[in-house]
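Novice: Sharing a sequence plus its predicted fold:
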Amino acid sequence: MATKTAQVENSVVLRTAASEEDPETDTSLFASLIAKHCTDSIVFTDPLGFILWVNEPFVAMTGYNLEDVKGKKPGTILQGQDTDPRTVEDISQALSNRRMVRTEILNYSKDGEPYWIDLSVSPVHNSEGVLTHFMSVERDITDRKKLSEKTERALQLETERRRERKILSQMSEWLFSARSQNELHRVISSSMAKMFPGTVGSFFVYSNSRDVLENVCAWGEEPSHKHIHADECWSLRRGRAYSHGTTEIYFACEHVEQSENVYFCLPIIAHGDTIGLMHIAFPDLPLDGRDNVQVRDAILTTWELALICAEQVSLAIANVKLHDELQQNSVKDALTGLWNRRWFVDRAHREIKRAAENDNPFTVISLDIDHFKKFNDTYGHDAGDMVLKTFSIKLQEQFTEKLFPCRLGGEEFAILCCGTDLSEITHRLNDLRAVIVGHNIIYDGKQLPPITFSSGIARLKEGEDLEAFMKRSDDALYVAKAEGRGRDALAE
């Protein structure tokens with residue numbers, strides 16, 4: 001214990017003696033140790049910012065030795081095209097004001113590789129307070145910066161995915177709540193504009209003739225094509241979704257004008273049948289931008305999202321088509337295609353209420369094919385069905401717009417006339433009678449007797465309900481039959 005204490009005392013005496021002999025011995029030693037072992041880059045410049053000295057970590061970090069940079073300003077050799085000019089200005093202002101500054105900045109090494117540093121620049125004054133140097137301490141933070149940027153990109157992507165999932169969920173809810181094609185088209189155009197901001201898109205649907213696809217809705221801007229042909233689109237010709245510009249071999253569709261940009265063409269399929277096409281174009285994404293890795297990843301993510309949207313739209317359209325079919329089956333007569341009794345009753349109630357509110361004329365015509373039972377008894381029920389179909393076709397041709405022909409059952413028909421005056425109704429009945437009498441119906445190689453019909457016409461009275469209204473119309477029909485058939489009778 002005594003020996004160890006003596007050694008410590010001797011060490012202190014030696015250091016004290018050395019200091020008394022040369023007061024700068026320890027300072028020089030520590031300075032040399034810092035210069036040799038410091039892992040941070042250190043740069044000394046004169047008061048004007050020209051480099052005087054750099055340490056070895058600076059050489060290792062930048063690739064420049066002292067001979068390369070001496071007498072030059074650090075910024076002229078280390079800063080590059082992506083260096084933030086505002087950061088450069090902040091550093092310049094601090095040095096002009098002779099104050100310390102600390103910041104992060106992007107520099108470039110001698111071989112052009114970018115790297116990030118945590119930079120601290122301090123003014124150095126002598127004992128009289130005169131500025132003699134600037135000392136810069138630079139620490140490489142490239143790895144930390146990359147990790148931070150990667151984390152930030154991941155957060156941005158997650159935020160974007162959450163936004164997309166939210167819009168997709170809302171779009172699906174609205175799509176499957178739609179009960180008509182027009183409602184679907186409004187949902188599609190609004191949702192696609194939100195889902196793919198900055199894009200230009202169109203939604204095409206096959207016409208009834210299936211020779212062209214008609215543009216039924218769009219987003220981003222007015223569509224350049226009101227209709228296209230199926231053979232103008234690679235997607236429809238190949239029978240699957242097509243992404244232009246994302247594969248090694250690609251060709252532009254004839255219906256696309258801006259073919260130098262990336263775009264998607266997505267077939268819309270319902271119940272196994274292609275019924276339309278969704279086109280999504282990216283005006284801000286030229287084909288030469290695909291070389292960027294982040295752009296390629298974004299395109300891939302957008303492509304997958306577009307496929308999901310197309311599938312949702314396809315399912316929704318199939319749902320609406322099924323709903324329309326069920327709706328039509330519930331309100332249309334299966335044999336003639338006319339509105340049935342159920343539709344007649346519902347619509348008549350609404351028109352009675354509307355007529356009472358707006359004081360509009362409302363008329364019901366009850367019609368009956370004369371001696372219809374003879375057609376069935378003499379020629380068979382198929383011949384009777386042909387008579388009913390023929391009569392229904394002529395009804396639809398003569399009574400259009402606000403005139404609604406209906407089949408109530410058997411040979412009984414009715415016509416709702418909304419806002420039509422009596423003279424117009426009588427004129428149309430006369431035209432129908434002339435057309436029907438002059439029409440030859442051939443069944444099983446034989447000509448059937450001409451069709452005649454009787455009708456009763458009733459105008460709605462104030463405060464009258466549907467039951468009383470229809471009774472007056474039916475009573476007028478019986479009057480027409482009693483008077484010899486093939487004529488019209490007006491209810492009192």
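Specialist: Sure, I can see it.

Novice: Tell me which residues are up against stretch 315-329.
Specialist: Outside stretch 315-329, the residues that touch it by C-beta atoms under 8 Å, 6 or more residues apart in numbering are 172, 175-176, 178-181, 184, 187, 268, 270-271, 275-276. C-beta: built from backbone N, CA, C; applies to glycine.

Novice: max-length helix in this structure?
Specialist: helix 293-331 (DSSP state H).

Novice: What residues sit buried inside it?
Specialist: By 16 or more other C-beta atoms under 10 Å, the buried positions in helix 293-331 come out as 298-299, 302-303, 305-306, 309-310, 312-320, 331.

Novice: immediately after it, which helix or strand?
Specialist: helix 341-358 (DSSP states H and E).

Novice: Send me that next one as PDB with only the CA atoms.
Specialist: Output of helix 341-358 as PDB, limited to C-alpha atoms (Å, rounded to 0.1, in the frame of the first residue of the first chain):
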ATOM      1  CA  ARG A 341    -100.900  -5.000 -62.200                       C
ATOM      2  CA  ARG A 342     -98.500  -4.400 -59.300                       C
ATOM      3  CA  TRP A 343     -96.700  -1.600 -61.100                       C
ATOM      4  CA  PHE A 344    -100.100  -0.200 -62.300                       C
ATOM      5  CA  VAL A 345    -101.500   0.100 -58.800                       C
ATOM      6  CA  ASP A 346     -98.300   1.700 -57.300                       C
ATOM      7  CA  ARG A 347     -97.900   4.200 -60.100                       C
ATOM      8  CA  ALA A 348    -101.600   5.000 -60.100                       C
ATOM      9  CA  HIS A 349    -101.600   5.900 -56.400                       C
ATOM     10  CA  ARG A 350     -98.600   8.200 -57.000                       C
ATOM     11  CA  GLU A 351    -100.200   9.900 -60.000                       C
ATOM     12  CA  ILE A 352    -103.400  10.500 -58.100                       C
ATOM     13  CA  LYS A 353    -101.500  12.200 -55.300                       C
ATOM     14  CA  ARG A 354     -99.500  14.300 -57.800                       C
ATOM     15  CA  ALA A 355    -102.600  15.300 -59.700                       C
ATOM     16  CA  ALA A 356    -104.200  16.500 -56.500                       C
ATOM     17  CA  GLU A 357    -101.200  18.500 -55.600                       C
ATOM     18  CA  ASN A 358    -100.500  20.100 -59.000                       C
END
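
Novice: Report the mean confidence score over that helix.
Specialist: The average pLDDT within helix 341-358 is 92.

Novice: Now do it: which elements does it pack against?
Specialist: Other elements packing on helix 341-358 under the criterion 3 or more C-beta pairs under 8 Å, 6 or more residues apart in numbering; DSSP states H and E are helix 293-331, strand 362-369, strand 403-409, strand 412-418, helix 466-482.

Novice: among these, which is nearest residue 126?
Specialist: helix 293-331 (51.2 Å; C-beta to C-beta).

Novice: picking that back up, need the helices and strands packed on helix 341-358 in a markdown table with mean pLDDT and distance to residue 447, can you?
Specialist: Compiled in a markdown table, those are given as follows (pLDDT from 0 to 100; distance: least, C-beta to C-beta, whole Å):
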| stretch | mean pLDDT | distance to residue 447 |
| --- | --- | --- |
| helix 293-331 | 85 | 33 |
| strand 362-369 | 95 | 17 |
| strand 403-409 | 94 | 24 |
| strand 412-418 | 95 | 23 |
| helix 466-482 | 95 | 25 |
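
Novice: Quick one: closest of these to residue 283.
Specialist: Of all the helices and strands packed on helix 341-358, helix 293-331 sits nearest to residue 283, with 13.8 Å by C-beta to C-beta.

Novice: what's the angle from the closest one to strand 403-409?
Specialist: Angle of helix 293-331 versus strand 403-409, following axes from the mean of the first three to the mean of the last three C-alpha atoms, to 10 degrees, is 60 degrees.

Novice: now helix 293-331, how far from the chain's geometric center?
Specialist: 11 Å (C-alpha atoms, centre = their mean, to the nearest Å).

Novice: ok, back up a step: quick one: least confident of the contacts of stretch 315-329?
Specialist: Among the contacts of stretch 315-329, residue 271 carries the weakest pLDDT, at 78.

Novice: Any figure for the gap between it and residue 321?
Specialist: From residue 271 across to residue 321, the span is 7 Å (C-beta to C-beta, to the nearest Å).

Novice: for residue 43, same thing?
Specialist: Taking C-beta to C-beta, one finds residue 43 at 74 Å from residue 321.

Novice: same question, residue 136
Specialist: 72 Å.

Novice: ok so, going back, determine the angle, from 0 to 180 degrees, between the longest helix of the chain and helix 341-358.
Specialist: Using the same axes, to 10 degrees: helix 293-331 against helix 341-358 is 90 degrees.

Novice: coming back round to it: please, a PyMOL command that selects the buried ones among the contacts of stretch 315-329?
Specialist: For the buried members of these, the matching PyMOL selection, counting by 16+ other C-beta under 10 Å, is:
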select buried, resi 172+175+178+184+187+268+270+275+276
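
Novice: Nearest to residue 360, out of the contacts of stretch 315-329: which one, please.
Specialist: Nearest to residue 360 among those, counting by C-beta to C-beta, is residue 180 at 25.8 Å.

Novice: any idea how far the residue nearest to residue 302 when sequence neighbours are not counted is from residue 298?
Specialist: Take residue 302 and drop its neighbours on the chain: the residue closest to it by C-beta to C-beta, 6 or more residues apart in numbering is residue 196, 7.0 Å away. Distance of residue 196 to residue 298, given as C-beta to C-beta: 11 Å.

Novice: Residue 406 too?
Specialist: To residue 298, residue 406 is 57 Å away according to C-beta to C-beta.

Novice: what does residue 153 give?
Specialist: Distance of residue 153 to residue 298, given as C-beta to C-beta: 11 Å.

Novice: For the nearest residue to residue 399 once chain neighbours are set aside, grab the count of nearby residues.
Specialist: Leaving aside its chain neighbours, residue 399 sits nearest to residue 405 (4.9 Å; criterion: C-beta to C-beta, 6+ apart). Applying other C-beta atoms under 10 Å, we find 24 residues neighbouring residue 405.

Novice: these two touch, right, residue 405 and residue 392?
Specialist: Yes - counting by C-beta atoms under 8 Å, residue 405 does reach residue 392; the two are 7.3 Å apart.

Novice: Give the helix, strand or coil label for residue 44.
Specialist: strand (DSSP: H, G, I helix; E, B strand; the rest coil).

Novice: ditto for residue 283
Specialist: Under three-state DSSP, residue 283 comes out as strand.

Novice: ok, back up a step: between residue 405 and residue 392, what contacts are shared?
Specialist: Applying C-beta under 8 Å, 6+ apart, one finds that residue 405 and residue 392 are jointly contacted by 338, 413.

Novice: what about residue 362, how many neighbours?
Specialist: 21.

Novice: ok, the most centrally placed residue in the chain - contacts?
Specialist: With distances taken as C-alpha atoms, centre = their mean, residue 192 lies nearest the centre of the chain, 1.2 Å away. Residue 192 makes contact with 199, 201, 203, 219, 278, 280, 309, according to C-beta under 8 Å, 6+ apart.

Novice: any low-confidence regions in the stretch 151-300 of the chain?
Specialist: Applying pLDDT under 70 to the stretch 151-300 of the chain flags the ranges 289-294.

Novice: those helices in it, which residues are they?
Specialist: With helices called from DSSP state H, counting those that start in this stretch, the stretch 151-300 of the chain shows them at 181-195, 234-238, 293-331.

Novice: Now tabulate those in JSON lines and tack on distance to residue 475.
Specialist: As requested, these are exported to JSON lines (distance: least, C-beta to C-beta, whole Å):
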{"stretch": "helix 181-195", "distance to residue 475": "41"}
{"stretch": "helix 234-238", "distance to residue 475": "59"}
{"stretch": "helix 293-331", "distance to residue 475": "27"}
